[in-house]
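1. turn this into a structure:
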Amino acid sequence: MTSLISDRAALTEELRRIALVAGAAIMDHYHSEFEVIHKEDKSPVTAADRDAETIILEGLRKYVPDIPVVSEEAAAGGHIPEIGHRFFLVDPLDGTKEFINKNGEFTVNIALIEERVPVAGVVYAPAKDRMFFGYGVGHAFEQAVAPSADGKANAGAPKPIAARKPAEDGLVVIASRTHRDTKTDEYLSLYKVKEFLAAGSSLKFCLVAAGEADLYPRHGRTMEWDTAAGHAVLLSAGGNVTQLDGAPLLYG
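-> Next up is the predicted model:
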């Protein structure tokens, strides 16, 4: 197990470097004018999505060429590789609506899946200089780090994070800025809720992992690349992600 964790730690370090470079490319677009295109499913996409994806795919191919990668924009174009028990799931810019609205709540998501479970992941919010990563239970961290075009970080030391036990006076619930609906409100009526927070992208998983919230409910359509990296961070922090019936959320 020690060797396995060491291998995943080394891999995650490279994923962090790749995420920094992708984040720098995203921020170049963020601070300029950009065109918004809508895909067949009506979801928005920008050049920032595509440039970040190119950086991530090239970085992964150089470092681990034998592990297939499923990435959002490539998949939208019909490019989905054959996968086995081990593959990457990538969302190069999770929260494109937040990017377009310029509220800073968008992330770079990279996750390693093994036997249908996310075992390592990086979630990077370049506009907020916040990076979350994890590679096994007890190995979840947050780091303050600015985007870097060469992947060399001038950053603070990673800080261990852990999901917390909910307080007796009620839950702190974090939900989507753009996807909250009546089904979510009906579900939350089953719980004692003390406070509601709103955030975009995979930041919601990470704020639960960091002990800043207790519950993130989500109804409706989502894709595996939207959840995998945040799921990996939360599992590493001692939390969990399930389907509404309590069944595990699996990938592939």
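2. contacts and neighbour counts: CA atoms only from here.
-> Fine.
3. so where's the chain shaky on pLDDT?
-> Filtered on pLDDT under 70, the chain yields the residue ranges 1-3, 178-179.
4. what residues go with each domain of it?
-> Domain segmentation of the chain under automatic domain parsing yields 2-160, 171-236.
5. looking at those, which is nearest to Gly252?
-> In terms of Cα to Cα, the element of the domains of the chain nearest to Gly252 is domain 2-160, at 5.9 Å.
6. residues in contact with Pro118?
-> Applying Cα atoms under 8 Å, 6 or more residues apart in numbering, we find Pro118 in contact with Ala111, Leu112, Ala228, Ala229, His231, Ala232, Tyr251.
7. among those residues, which ones are in helices?
-> Members of the contacts of Pro118 lying in helices (criterion: DSSP state H): Ala228, Ala229, His231, Ala232.
8. surely the last one and Ala120 touch.
-> Yes: judged on Cα atoms under 8 Å, Ala232 makes contact with Ala120 at a distance of 5.4 Å.
9. overlap in contacts, these two.
-> Ala111, Phe133, Gly134, Tyr135, Gly136.
10. any idea which of those has the most stuff around it?
-> Phe133 (34 neighbours; other Cα atoms under 10 Å).
11. what sits against it?
-> Thr12, Arg16, Ala120, Gly121, Val122, Val123, Ala140, Phe141, Glu142, Ala232, Val233.
12. now it: closest residue in space, sequence neighbours ignored.
-> Spatial nearest neighbour of Phe133, chain neighbours left out: Val122 (4.4 Å); criterion: Cα to Cα, 6 or more residues apart in numbering.
13. next: Lys152.
-> Arg17 (7.1 Å).
14. just to be sure, that neighbour is in a helix?
-> Yes: using DSSP: H, G, I helix; E, B strand; the rest coil, the secondary structure at Arg17 is a helix.
15. contacts only, for it.
-> Contacts of Arg17 (Cα under 8 Å, 6+ apart): Gly151, Lys152, Ala153.
16. next one: the second one from Glu105, what distance?
-> Spelled out, it's Lys152. In this structure, Lys152 and Glu105 are 23 Å apart, going by Cα to Cα, to the nearest Å.
17. neighbour count winner among these two?
-> Between Lys152 and Glu105, counted using other Cα under 10 Å, the more crowded position is Glu105 (23 against 13).
18. quick check: that one touching Ala127?
-> Yes: between Glu105 and Ala127 there is a contact at 7.4 Å, judged by Cα under 8 Å.
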